[in-house]
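Novice: Sharing a model that was predicted from the sequence below.
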2 protein chains.
Amino acid sequence: MARALRLAERGRYTAHPNPVVGCVLVNDGAVVGEGWHRVTGEAHAEVNALQAAGIKSRGATAYVTLEPCSHHGKTPPCAEALIAAGIERVIVAMQDPHQAVAGGGLRLLTEAGITVQTGLMQSDAAALNPGFLKRVTAQRPFVRLKLATSLDGATAMANGESQWITGLEARADVHRLRARSGAIMTGIGTVLSDDPSLTVRAKDIETNGLQPLRVVLDSKLRMPLAAGMLTLPGTTLVCCAGDLDKSRLEAANAEVMSFSADEGGVSVDEVLQELATRGVNEVLVEAGARLAGHLLDNDQVDELVIYQAPHIMGSQTKRLVDTPSWTSLADRKSLNITDVRRIGSDTRITATPSQKN
Amino acid sequence: MARALRLAERGRYTAHPNPVVGCVLVNDGAVVGEGWHRVTGEAHAEVNALQAAGIKSRGATAYVTLEPCSHHGKTPPCAEALIAAGIERVIVAMQDPHQAVAGGGLRLLTEAGITVQTGLMQSDAAALNPGFLKRVTAQRPFVRLKLATSLDGATAMANGESQWITGLEARADVHRLRARSGAIMTGIGTVLSDDPSLTVRAKDIETNGLQPLRVVLDSKLRMPLAAGMLTLPGTTLVCCAGDLDKSRLEAANAEVMSFSADEGGVSVDEVLQELATRGVNEVLVEAGARLAGHLLDNDQVDELVIYQAPHIMGSQTKRLVDTPSWTSLADRKSLNITDVRRIGSDTRITATPSQKN
């Protein structure tokens, strides 16, 4: 199963909106076939493994990181393929909560006389697909907030002077976060000040041509027609509050959608709901202190990835997050740190907000 | 030698102002004696090892983390003891830069026909005694700046609301930093707002009754007679600028010294010089944002130890360091991170300021 989990990772940048899945077939103690799900619409992990194993599938045990599907989607159901190939035993790390599956695959297998076990390395399997699982269970994407800061929590000088805080390796790492995301969200303030591209541009990352949807929260439609991202591959979705004139930006290659207003901005919850509807599993937020603070304040962040540069920038600087309403210690957000590692000369801290008591 | 380095650590809280030293005697491939320097005025590492080995010292090889001394200090010279015991070979990690030794020990040994080698694990040996080495070579103590902060560089709420940022384990760790220090330095602002004790109070740390000298930078002698530290074991040194009336504080059990004024405060450089004269190897600075910023600004910090709590405290908070003169990105301090580890739920980052180009 550990091998199957690693195989699943190979679909990281190409499988979404589908989950990443890995499958290993073992017969007589030997691995006879391996597969993973590479691209939506193409063969699933199980089918790839069965093809690799050929005749040796007969009587084999299948280790699959996610319940085999039971429905006819873009490809025929994997459960039927496993049955047809004469698999004797299927070990599944976790059930698929997708309403079209939800135990149906396991049932098909069991009814065909196949021995089925579930739960092996379940939490590792769940960690493979945080976005897919959240989308199908909560109809919201998994929101990952990326922050870059000095050791003392500064992002730029107070007078506006700024440059890359973190090093080359950290910036390359951000491209991996982008590539696994269905969408990248930012605020209009960041577009106006930095004109970011928000595309995946890394030679060592193969996304099969996918670019994450670029989402700009822009309540008053201040998006400039000259914004760099409007000319780049992929789609830019500009989210405004209320019914504004969209034609100007639409003519400039943007998609524009209206949402409710919320605290003077666009309703982030509605935007996230829309993204889930579009099949976005993971959203990467690359934004300024204001949107970052707003999302934290509203408990809309599932994971923080903080790149910390080995500098002390001092007091005449801009803060990492802007939280005007946090005036008491009790307002602070506690985090569970799940990973700390060195990326070049920077430190990358991955954390999840602690549950409220 | 690795074993000798570990033995040396056992004197960490008791040997200062002497360096920590470890010694292992090996005869016929077996360890026949071990020793370390425990308390100033008592036997040195080599003598302790010789005593443990007894007759088996004859013909043995001695591994010593620091050059054996050649001068009559509080104890007779170790080089003579090694010669008298019939040691055949001495492996020394590093020369002792102290002017009373400085190669003299190695020379004595060589002249007695003993084979001498130096340099084995030299950088590890130097790392054992940063304070002693800096004091004898630069006539200044090693300055370690301790900081405690949230992940976003905050230390308290802007309105003054504050409590321990870091957890119990991190605070226990600070007591280990205190215990290895000859002095703890703070500013009068911290005394007035927090009334800290700055003593070592940890059941698992044996300091042989030593308490670090408490040093308060207090240019205008605002130190309250009721300050808690004045009633605690050990000495409090209050450092003022210019010739002020010392009698009031002296009557309250403080030692008061005058230094030059510098940027509206006490000349830190003069204070550090005085501390070196008093045999202080390592100074731990536990201060507020102002003194921390001042020391960083003046390149007076040799090491930073930053305890980072897993919280985001937001923008309505006090900053980690106060550096009013750092108005450009070029003013920031780059650090070399030498160690990162989890202490309870906090992260401890140890770093040294990068060399200026």
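Specialist: Alright, I've got the coordinates. Numbering: from 1, shown residues only, chains lettered A, B, ... in the order given.
Novice: Give me the distance between A:Thr115 and A:Ser57.
Specialist: A:Thr115 is 15 Å from A:Ser57, where distance means CB to CB, to the nearest Å. (Each C-beta comes from the backbone N, C-alpha and C, glycine too.)
Novice: if you count what's nearby, which of those two comes out ahead?
Specialist: Neighbour tally, A:Thr115 and A:Ser57, criterion other CB atoms under 10 Å in any protein chain shown: the higher count belongs to A:Ser57, 23 against 12.
Novice: Near chain B, which residues of the stretch 151-300 of chain A? Just list them.
Specialist: A:151-154, A:157-159, A:161-163, A:289, A:293, A:296 (CB under 8 Å from any CB of the partner chain).
Novice: Model confidence for the closest residue to A:Leu232 other than its chain neighbours, exactly?
Specialist: In space, A:Leu232 comes closest to A:Thr199 once its chain neighbours are excluded; the distance is 5.3 Å by CB to CB, 6 or more residues apart in numbering or on different chains. Predicted confidence (pLDDT) at A:Thr199: the value is 91.
Novice: in what helix or strand does A:Thr199 lie?
Specialist: For A:Thr199, there is no host helix or strand (DSSP states H and E).
Novice: mind listing the strands for the stretch 1-150 of chain A?
Specialist: Using DSSP state E, counting those that start in this stretch, the strands of the stretch 1-150 of chain A run over A:22-27, A:30-36, A:61-64, A:89-92, A:115-118, A:142-150.
Novice: same question, the stretch 201-350 of chain A
Specialist: Using DSSP E, counting those that start in this stretch, strands in the stretch 201-350 of chain A cover A:213-217, A:236-241, A:255-259, A:261-262, A:265-266, A:282-286, A:303-309, A:311-312, A:317-319, A:333-343, A:346-353.
Novice: Which residues of the stretch 1-150 of chain A lie near chain B?
Specialist: Checking the stretch 1-150 of chain A against chain B by CB under 8 Å from any CB, the hits are A:149-150.
Novice: pLDDT score assigned to A:Lys356?
Specialist: Note for A:Lys356: predicted pLDDT of 59.
Novice: And for the closest residue to chain B within the stretch 151-300 of chain A, the neighbour number?
Specialist: Using CB to the nearest CB, the point where the stretch 151-300 of chain A gets nearest to chain B is A:Gly153, with a distance of 2.3 Å. A:Gly153 is flanked by 28 other residues according to other CB under 10 Å.
Novice: I'd say it and B:Ala154 touch.
Specialist: Yes: counting by CB atoms under 8 Å, A:Gly153 does reach B:Ala154; the two are 6.6 Å apart.
Novice: Now for these two: what residues contact both?
Specialist: Common contacts of A:Gly153 and B:Ala154 (CB atoms under 8 Å, 6 or more residues apart in numbering or on different chains): B:319-320.
Novice: If I follow the layout properly, A:Val238 ends up in contact with A:Val256?
Specialist: Yes: using CB under 8 Å, A:Val238 makes contact with A:Val256 at a distance of 4.8 Å.
Novice: who has more neighbours, the two?
Specialist: A:Val238 (27 against 21).
Novice: Show me how far stretch A:98-109 is from its chain's centre.
Specialist: Put simply, stretch A:98-109 sits 24 Å off its chain's centre (CA atoms, centre = their mean, to the nearest Å).
Novice: Find the nearest non-adjacent residue to A:Ala125, please.
Specialist: A:Ala93 (3.4 Å).
Novice: how near is A:Gly113 to A:Gly105?
Specialist: A:Gly113 sits 15 Å away from A:Gly105, going by CB to CB.
Novice: Apologies, that question was intended for A:Val26.
Specialist: With CB to CB as the criterion, A:Val26 and A:Gly105 are 19 Å apart.
Novice: More neighbours: those two, which one.
Specialist: Neighbours per residue, other CB under 10 Å: of A:Val26 and A:Gly105, the larger number sits with A:Gly105, 29 against 18.
Novice: I figured the more buried one hits A:Glu67, correct?
Specialist: Yes: if you go by CB under 8 Å, A:Gly105 and A:Glu67 touch, sitting 4.6 Å apart.
Novice: Give the residues shared as contacts by these two.
Specialist: By CB under 8 Å, 6+ apart, A:Gly105 and A:Glu67 have these common neighbours: A:Asp96.
Novice: For the nearest residue to A:Leu284 once chain neighbours are set aside, give me its contacts.
Specialist: Excluding the flanking residues, the one nearest A:Leu284 by CB to CB, 6+ apart is A:Ser181, at 4.1 Å. Listed by CB under 8 Å, 6+ apart, the contact set of A:Ser181 reads A:131, A:144, A:212, A:280, A:282-284.
Novice: Mind giving me the ChimeraX select for those, buried ones only?
Specialist: Selection of buried members from the contacts of A:Ser181 for ChimeraX, criterion 16 or more other CB atoms under 10 Å in any protein chain shown:
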select /A:131,144,212,280,282,283,284
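Novice: What is the burial count for the residue nearest to A:Leu232?
Specialist: 19.
Novice: If I follow the layout properly, it ends up in contact with A:Met229?
Specialist: Yes: using CB under 8 Å, A:Thr199 makes contact with A:Met229 at a distance of 7.5 Å.
Novice: is it true that A:Tyr63 touches A:Val24?
Specialist: Yes: using CB under 8 Å, A:Tyr63 makes contact with A:Val24 at a distance of 4.6 Å.
Novice: Which residues are in contact with each of the two?
Specialist: In contact with both A:Tyr63 and A:Val24: A:1, A:3-4, using CB under 8 Å, 6+ apart.
Novice: Kindly list the longest helix within chain A.
Specialist: In chain A, taking DSSP state H as the definition, the longest helix is helix A:168-179.
Novice: And the contacts of that helix?
Specialist: Contact with helix A:168-179 is made by A:12-13, A:144, A:146, A:148, A:164, A:184, A:198-202, A:205, A:207, A:210, A:212, A:284, A:286, A:305, A:307, A:309, A:343-346, A:348, as judged by CB under 8 Å, 6+ apart.
Novice: Which members of those residues are classed as buried?
Specialist: By 16+ other CB under 10 Å, the contacts of helix A:168-179 give A:12-13, A:144, A:146, A:148, A:184, A:198-200, A:202, A:205, A:207, A:210, A:212, A:284, A:286, A:305, A:307, A:309, A:343-346, A:348 as buried.
Novice: and the gap between A:Ser123 and A:Arg3?
Specialist: In terms of CB to CB, A:Ser123 sits 17 Å off from A:Arg3.
Novice: And the residue nearest the centre of chain A, what's its pLDDT?
Specialist: The centre of chain A sits closest to A:Glu282, judged by CA atoms, centre = their mean, with a distance of 2.5 Å. Note on A:Glu282: pLDDT of 97.
Novice: List the contacts of A:Trp326.
Specialist: Contacts of A:Trp326 (CB under 8 Å, 6+ apart): A:297, A:332, B:313-316.
Novice: can you do 10 Å?
Specialist: By CB atoms under 10 Å, 6 or more residues apart in numbering or on different chains, A:Trp326 lies in contact with A:293, A:296-297, A:332-333, B:157-158, B:312-317.
Novice: shouldn't A:Ser162 be in contact with A:Thr190?
Specialist: No: assessed by CB atoms under 10 Å, A:Ser162 is found out of contact with A:Thr190, at 11.8 Å.
Novice: how deep is the spatially closest residue to A:His71 that is not a sequence neighbour tucked in, by neighbour count?
Specialist: Among residues not flanking A:His71 along the chain, A:Ala100 sits closest, at 4.3 Å (CB to CB, 6+ apart). As a burial measure, A:Ala100 scores 14 neighbours (other CB under 10 Å).
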